[in-house]
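**Q** From the sequence below, what's the structure:
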Amino acid sequence: MRLPSFALLSAPLLALVAGCDYSGDFLFPGQVEGVDDIIVLTAPDGSQIVPANITDRDAVRANTIYAEVGPPQTTTYGGITVDFVGTGGAVCIWVDPELATWNTAVSARPDDLGRKWAVPDNIFDDGDLDLFAGLSVYYTGSPGETIGDFVVSYEDSLGNEIPLSLAACPNLTGPFGDDASAGRGSPEFCTIPATDEGIDYTILLRTWSTPLDDDRLSFAFLLAEGTCDELRTTMGSGTVEQDECVLMGEALVPEEGKAALYYGYDEAVSHSWPRSLEFEEKFCVPAGSDGDRMKPFCDAEREAVAANGGRCEWETIDDPANRCYCGDPENVPGGGAY
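**A** Here you go, the predicted structure:
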């Protein structure tokens, strides 16, 4: 019997595929020694975190927790879980992953908003955590072992399985009525308007991406009594840019073989990357106001690096003194470029 030509071609190809030991591991960053991809965040004594009574900036700084999480090792995500007990009132959850990012404005005639962002950002030092929260009884993950969600299913009258989210967060709404997610390097926050007193809640900070420069994502976290609008008012934030400065100092210098964990701004700030606080403060100036331009900061940091005989480093940091938070200006397209 004569086989068709496509069959003759397929046989060796199938043999090659069958002989491959395909795992898909190359799709994931390597595990960072000492930095787990799934962690549980607790109070210093190992107990559940209690929502803090925030009255001023000092209270925010004293109750902020700083930590690191490694890159996910599977398609089921990685991340952080936090358990707390409902107070009977509103609770604000706020997380700020390192560091801050923007899209470069390339218009030939930028408006006030565009002029602030007319320089490129360093895209290699930013990560993203997605915030979810709800009653612990609905959480499908196993804290410290596997990441889940707050989705349950029920069977309708036709026998179809219908997924239903029972998460209390997110409760932000995007332009098309969908749940909004803050995005890379941006603070993410959510208010649970009325928690059930004495009932357990779980917060999930699911890792969407880790920084490309070191594959370890540091972040600042705060659990506070009251609403997030009240927290923003306390911290003087009225714009998206200013939200970046509600929690500051989250860009932590990595320690080899050890994940960062600091309780309070005063403890964490000495471990933050040099000049990262200045970068955040400049980012927080609202576009269109005096002193909002990022270019003077970006020019100054390049000049400071050059004065020390170095060049800006982005994707790989060999010398911390050469780390730059603004991107390469040569990446900005010129006239006639695509």
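
**Q** Check the gap between the closest residue to residue 32 other than its chain neighbours and residue 322 for me.
**A** Excluding the flanking residues, the one nearest residue 32 by C-beta to C-beta, 6 or more residues apart in numbering is residue 70, at 4.4 Å. The way it works is simple: take the backbone N, C-alpha and C, and place the C-beta from them, glycine included. Per C-beta to C-beta, to the nearest Å, residue 70 is found 25 Å from residue 322.

**Q** Same question for residue 197.
**A** 52 Å.

**Q** Between these two, which is the more surrounded one?
**A** residue 322 (17 against 10; other C-beta atoms under 10 Å).

**Q** Show the contacting residues for that one.
**A** Taking C-beta atoms under 8 Å, 6 or more residues apart in numbering, we find residue 322 in contact with 305, 308, 310-313.

**Q** The residues you listed into TSV, with extra columns for distance to residue 183?
**A** Below are the contacts of residue 322 laid out as TSV (distance: C-beta to C-beta, whole Å):
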residue	distance to residue 183
305	28
308	33
310	31
311	29
312	24
313	24
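
**Q** hmm, which of those residues are the buried ones?
**A** 305, 312-313 (16 or more other C-beta atoms under 10 Å).

**Q** can you tell me which of the residues you listed lies nearest to residue 277?
**A** Of all the buried ones among the contacts of residue 322, residue 305 has the smallest distance to residue 277: 17.5 Å, by C-beta to C-beta.

**Q** Check whether that closest one sits in a helix, strand or coil.
**A** Following DSSP: H, G, I helix; E, B strand; the rest coil, residue 305 is assigned to helix.

**Q** Check the gap between it and residue 316 for me.
**A** Using C-beta to C-beta, residue 305 is found at 15 Å from residue 316.

**Q** Then residue 100?
**A** Taking C-beta to C-beta, one finds residue 100 at 20 Å from residue 316.

**Q** And residue 75, what's its pLDDT?
**A** pLDDT recorded at residue 75 is 80.

**Q** what number of residues lie near it?
**A** 8.

**Q** go on, residue 62?
**A** 15.

**Q** Could you say which helix or strand holds it?
**A** helix 57-63 (DSSP states H and E).

**Q** Which other helices and strands does that helix contact?
**A** strand 217-225, helix 228-234, helix 265-268 (3 or more C-beta pairs under 8 Å, 6 or more residues apart in numbering; DSSP states H and E).

**Q** Downstream of the last one, the next helix or strand is which one?
**A** Using DSSP H and E, the helix or strand that follows helix 265-268 towards the C-terminus is helix 276-283.

**Q** can you tell me how far residue 252 sits from residue 322?
**A** 18 Å.

**Q** Need the phi and psi values for residue 136.
**A** In terms of degrees, to the nearest 10, the main-chain angles of residue 136 are phi -60, psi -30.

**Q** got a list of what it touches?
**A** 83, 200-202.

**Q** Surely residue 94 is within a strand?
**A** Yes - residue state for residue 94 (three-state DSSP) corresponds to a strand.

**Q** Tell me the strands beside the strand or helix carrying residue 40, with direction?
**A** If you go by DSSP H and E, residue 40 is part of strand 38-41. In the sheet, strand 38-41 lines up against strand 79-85 (parallel) (DSSP bridges).

**Q** roughly how far out does the partner strand sit from the chain middle?
**A** What separates the centre of strand 79-85 from the centre of its chain is 16 Å, taken as C-alpha atoms, centre = their mean, to the nearest Å.

**Q** for stretch 78-95, same thing?
**A** From the chain centre to the centre of stretch 78-95 is a distance of 16 Å (C-alpha atoms, centre = their mean).

**Q** okay, how far is it across it, tip to tip?
**A** End-to-end span of stretch 78-95 (C-alpha to C-alpha, to the nearest Å): 16 Å.

**Q** Could you do stretch 111-121 as well?
**A** Stretch 111-121: ends 19 Å apart by C-alpha to C-alpha.

**Q** List the buried residues in it.
**A** 114-121.

**Q** got JSON lines for these, with secondary structure too?
**A** Shown next, in JSON lines, are those (three-state DSSP):
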{"residue": "114", "secondary structure": "helix"}
{"residue": "115", "secondary structure": "helix"}
{"residue": "116", "secondary structure": "helix"}
{"residue": "117", "secondary structure": "coil"}
{"residue": "118", "secondary structure": "coil"}
{"residue": "119", "secondary structure": "coil"}
{"residue": "120", "secondary structure": "coil"}
{"residue": "121", "secondary structure": "strand"}
